[in-house]
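**Q** Sequence isn't available, so here's the structure alone:
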């Protein structure tokens with residue numbers, strides 16, 4: 001029954017996408033991140049949902065009358081350079097067949113990244129995309145947190161089967177990346193920052209906001225109970241930024257102290273043992289295998305610094321791989337880079353690695369500008385808050401990604417596309433506020449914070465926030 005219900009829903013989405021092409025972007029990320037067919041038991045597990053809905057989305061882009069040109073921002077330009085470089089490295093890859101197969105998969109992800117700014121603009125569409133991406137992963141955080149509490153944390157929280165997020169490490173990374181987005185979404189709904197034209201959301205804003213706050217805390221629990229050391233380090237990396245942004249820090253800290261004191265006595269032995277291996281990594285085969293893989297990919301990059309070894313070089317087998325390792329151990333050899341940094345280094349050399357880091361750095365810088373200027377120049381607090389959330393998401397990705405080879409994760413490039421969109425939204429909001437007069441210069445933005453330092457937006461620019469939630 002579940003298979004038939006999903007099949008009918010997917011078929012019904014096709015005419016919707018063709019009628020309103022921008023919804024195809026939302027559907028694509030829903031399928032890519034939530035992987036709904038993984039929750040079925042029959043024919044839908046192998047049904048080409050992504051191909052069908054992706055094809056409908058591409059047709060929608062072609063026929064869309066409201067599409068906009070791809071913005072020529074520095075992020076888009078650098079992303080284009082990265083695409084060109086990955087194509088070059090594929091031509092010279094040591095494993096040609098595997099390289100081009102992976103190239104096609106990565107290009108599908110990046111193609112959608114380029115299409116997003118063409119169809120997603122304006123407050124409603126941007127927020128709809130953010131909600132879809134956030135709660136496609138947040139669904140597993142909510143469910144995983146409840147599961148962890150009910151089972152006392154004795155079983156690991158896992159991602160959807162037969163998907164990129166399968167297992168504990170990848171779903172842990174994904175939940176870390178959406179954690180700050182969940183928090184900002186809870187504030188947006190609870191405090192009614194914007195009116196997106198959905199009356200039911202305005203009417204039920206407080207209970208819905210409280211549910212999203214609950215999702216935030218349940219996702220935090222789920223991250224811990226993935227038993228992933230990478231997820232733990234990622235959570236530790238984003239926690240100071242999230243804590244700094246919260247109200248009533250003393251209450252949160254008090255609960256944290258109480259929680260840690262309890263955890264020190266009654267935490268599941270498996271969880272504590274997993275955390276302790278961070279300090280004793282020399283005795284853990286999994287950790288040493290990662291170090292071996294890092295060294296191998298570093299040596300590959302040194303041998304071919306400009307083009308690396310190309311996609312899926314590990315397909316050459318352990319005999320080829322072993323010539324680059326610094327040491328060997330008595331373990332099963334899973335030839336994975338185990339790190340976004342060494343993954344890009346080994347596959348695309350130092351040049352590709354530099355392009356990748358430049359892309360991340362530029363995105364982070366753009367988000368910083370949006371975060372600083374959005375409220376002062378436009379009164380749109382949601383722009384500033386989501387820019388902050390995406391920055392923290394990138395911090396979590398870079399931290400947890402130290403131990404995971406997820407350099408081509410859909411969500412990373414979706415966040416880059418969101419940064420481009422938010423920047424355009426900020427710039428266009430600035431322009432709309434200024435009516436040009438011959439010989440006149442744009443007025444200097446007033447300081448909405450005044451002498452008191454307390455934000456005071458004009459009523460026409462931002463709706464009055466409701467009472468803050470006591471746990472925020």
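**A** Now that the structure is in, tell me what you want to look at. This is a predicted model, so every value here is computed, not measured.
**Q** pLDDT of whichever helix or strand residue 26 is part of, averaged?
**A** Here residue 26 sits within helix 22-34, counting by DSSP states H and E. Mean pLDDT, computed over helix 22-34, is 91.
**Q** what does whichever helix or strand comes after that helix contact?
**A** Reading on from helix 22-34 to the C-terminus, the next helix or strand found by DSSP H and E is helix 49-63. With CB atoms under 8 Å, 6 or more residues apart in numbering as the contact definition, helix 49-63 has outside contacts at 10, 13-14, 17-18, 20-22, 24-25, 27-28, 31-32, 36-37, 67, 108, 112, 115, 118-119. In this view, the C-beta of every residue, glycine as well, is placed from N, C-alpha and C.
**Q** cutoff 10 Å now
**A** If you take CB atoms under 10 Å, 6 or more residues apart in numbering as the criterion, helix 49-63 is touched by 6-7, 10-11, 13-28, 30-32, 35-37, 48, 67, 108, 111-112, 115, 118-119.
**Q** any idea of the angle the helix holding residue 26 forms with helix 49-63?
**A** Here the directions of helix 22-34 and helix 49-63 differ by 160 degrees (axes from the mean of the first three to the mean of the last three CA atoms, to 10 degrees).
**Q** chain center to helix 22-34, what's the gap?
**A** 14 Å (CA atoms, centre = their mean, to the nearest Å).
**Q** One more: stretch 402-415?
**A** For stretch 402-415, the distance to the chain centre is 7 Å (CA atoms, centre = their mean).
**Q** So what's the model's average confidence on that stretch?
**A** Mean predicted lDDT for stretch 402-415 stands at 93.
**Q** related to what we said a few turns ago, which secondary structure elements does the helix holding residue 26 sit against?
**A** helix 2-19, helix 49-63, helix 96-119, helix 123-150, helix 410-433 (3 or more CB pairs under 10 Å, 6 or more residues apart in numbering; DSSP states H and E).
**Q** now the ones you listed in JSON lines, with mean neighbour count and distance to residue 306?
**A** As requested, the helices and strands packed on helix 22-34 are exported to JSON lines (neighbours: other CB atoms under 10 Å; distance: least, CB to CB, whole Å):
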{"stretch": "helix 2-19", "mean neighbour count": "14", "distance to residue 306": "41"}
{"stretch": "helix 49-63", "mean neighbour count": "17", "distance to residue 306": "33"}
{"stretch": "helix 96-119", "mean neighbour count": "18", "distance to residue 306": "16"}
{"stretch": "helix 123-150", "mean neighbour count": "20", "distance to residue 306": "35"}
{"stretch": "helix 410-433", "mean neighbour count": "20", "distance to residue 306": "24"}
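**Q** possible to save these as a markdown table with distance to residue 376?
**A** Supplementary listing: those in a markdown table, determined by distance: least, CB to CB, whole Å:
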| stretch | distance to residue 376 |
| --- | --- |
| helix 2-19 | 38 |
| helix 49-63 | 35 |
| helix 96-119 | 24 |
| helix 123-150 | 18 |
| helix 410-433 | 10 |
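**Q** Out of these, which gets nearest to residue 198?
**A** Closest to residue 198 of the helices and strands packed on helix 22-34, according to CB to CB: helix 123-150, at 9.0 Å.
**Q** Run through the neighbouring helices and strands of the helix or strand just after the closest one.
**A** Moving toward the C-terminus from helix 123-150, the next helix or strand (DSSP H and E) is helix 169-191. Packing partners of helix 169-191 (3+ CB pairs under 10 Å, 6+ apart): helix 123-150, helix 205-224, helix 229-245, helix 381-400, helix 410-433.
**Q** what's the closest of those helices to residue 364?
**A** helix 381-400 (5.8 Å).
**Q** Tell me which residues of the closest one come out buried.
**A** 381-400 (16 or more other CB atoms under 10 Å).
**Q** Listing request: residues of this structure with sub-threshold pLDDT.
**A** 248-284, 330-333, 430-472 (pLDDT under 70).
**Q** Pull out the buried positions in the longest helix along the chain.
**A** In the chain, with assignment by DSSP state H, the single longest helix is helix 340-378. For helix 340-378, the neighbour count (16+ other CB under 10 Å) marks 340-353, 355-356, 359-360, 362-363, 366-367, 370-371, 373-375, 377-378 as buried.
**Q** got the angle between that helix and helix 381-400?
**A** 170 degrees.
**Q** Tell me the helices and strands packed up against helix 340-378.
**A** Helices and strands touching helix 340-378, by 3+ CB pairs under 10 Å, 6+ apart, are helix 74-91, helix 285-303, helix 381-400, helix 410-433.
**Q** Off-centre distance for it?
**A** 13 Å.
**Q** Also compute the angle for that helix relative to helix 410-433, please.
**A** Going by the same axes, to 10 degrees, helix 340-378 makes 20 degrees with helix 410-433.
**Q** Now do the phi/psi pair for residue 157.
**A** phi -80, psi 130 (degrees, to the nearest 10).
**Q** pretty sure it contacts residue 224?
**A** Yes: with contact defined as CB atoms under 10 Å, residue 157 and residue 224 form a contacting pair (8.7 Å).
**Q** Which one of these two is surrounded by more residues?
**A** residue 157 (27 against 20; other CB atoms under 10 Å).
**Q** List the contacts of that one.
**A** So residue 157 contacts 140-141, 143-145, 147-148, 151, 168, 171-172, 175, 219, 221-228, 231 (CB under 10 Å, 6+ apart).
**Q** now swap in residue 95 and tell me
**A** 101-102, 309-317, 320.
**Q** what's the spacing between it and residue 310?
**A** 7 Å (CB to CB, to the nearest Å).
**Q** list residues touching both of those two?
**A** Joint contacts of residue 95 and residue 310 (CB under 10 Å, 6+ apart) are residue 102.
**Q** Of the helices and strands packed on helix 340-378, which is nearest residue 128?
**A** Taking the helices and strands packed on helix 340-378 one by one with CB to CB, helix 410-433 is closest: 11.9 Å.
**Q** Summarise which helices and strands that closest one is packed against.
**A** For helix 410-433, the packing partners by 3+ CB pairs under 10 Å, 6+ apart are helix 22-34, helix 74-91, helix 96-119, helix 123-150, helix 169-191, helix 340-378, helix 381-400.
**Q** In JSON lines: those, plus distance to residue 163.
**A** Putting these into JSON lines (distance: least, CB to CB, whole Å) gives the following:
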{"stretch": "helix 22-34", "distance to residue 163": "9"}
{"stretch": "helix 74-91", "distance to residue 163": "23"}
{"stretch": "helix 96-119", "distance to residue 163": "13"}
{"stretch": "helix 123-150", "distance to residue 163": "11"}
{"stretch": "helix 169-191", "distance to residue 163": "9"}
{"stretch": "helix 340-378", "distance to residue 163": "19"}
{"stretch": "helix 381-400", "distance to residue 163": "18"}
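**Q** Please verify my assumption that residue 197 contacts residue 123.
**A** Yes: using CB under 10 Å, residue 197 is in contact with residue 123, at 9.4 Å.
**Q** hmm, back to that, for residue 193, find the nearest of the helices and strands packed on helix 22-34.
**A** Using CB to CB, these put helix 123-150 closest to residue 193, at 9.8 Å.
**Q** Determine the angle, from 0 to 180 degrees, between that closest one and helix 169-191.
**A** 120 degrees.
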